[in-house]
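**Q** What follows is a protein structure lacking sequence information:
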């Protein structure tokens, strides 16, 4: 695999090599990837689930938001209060 490095990243690698901490650029990159992996695992443990952050909308909330609630002009606002609509409801 080949990766193109920015000048800043190359300078960081050379600084680590000059300090004698690593013997090759590959070792510097491997160590950086291990640190990144450890950080990513810790982050994932503490990051809240996206679904927990944003509660799902109910069908009613979606219908109201898009303008479906109350869109029938000249109709009763709530069919459950219309005696004609409720006639026979619950009977077998």
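**A** That came in fine, so what should we check first? Computed from a prediction, not measured in an experiment: that's the story for all the values here. Numbering: from 1, shown residues only.
**Q** In the longest helix that the chain contains, which residues are buried?
**A** Longest helix of the chain, by residue count under DSSP state H: helix 25-46. Within helix 25-46, the residues that qualify as buried are 28-29, counting by 16 or more other Cβ atoms under 10 Å. From N, CA and C alone the C-beta is placed, and that goes for glycine too.
**Q** other SSEs contacting it?
**A** helix 7-18 (3 or more Cβ pairs under 8 Å, 6 or more residues apart in numbering; DSSP states H and E).
**Q** contacts for the helix it packs on?
**A** 5, 22-25, 28-29 (Cβ atoms under 8 Å, 6 or more residues apart in numbering).
**Q** ok now that helix, how far from the chain's centre?
**A** 34 Å (Cα atoms, centre = their mean, to the nearest Å).
**Q** now swap in stretch 17-28 and tell me
**A** 37 Å.
**Q** First-to-last residue distance for that stretch?
**A** 8 Å (Cα to Cα, to the nearest Å).
**Q** Just the closest of the contacts of helix 7-18 to residue 65, please.
**A** residue 5 (47.4 Å; Cβ to Cβ).
**Q** Tell me, how many residues neighbour the residue lying closest to that closest one once chain neighbours are set aside?
**A** Leaving aside its chain neighbours, residue 5 sits nearest to residue 13 (7.4 Å; criterion: Cβ to Cβ, 6 or more residues apart in numbering). Residues within reach of residue 13, counting by other Cβ atoms under 10 Å, total 18.
**Q** mind checking pLDDT for residue 13?
**A** Note on residue 13: pLDDT of 89.
**Q** Residue 80 against residue 90, yeah?
**A** No - using Cβ atoms under 8 Å, residue 80 is not in contact with residue 90; the gap is 11.9 Å.
**Q** and those two? which has more neighbours close in?
**A** Using other Cβ under 10 Å, the more surrounded residue of residue 80 and residue 90 is residue 80, with 8 against 5.
**Q** tell me the pLDDT at the more buried one?
**A** Note for residue 80: predicted pLDDT of 70.
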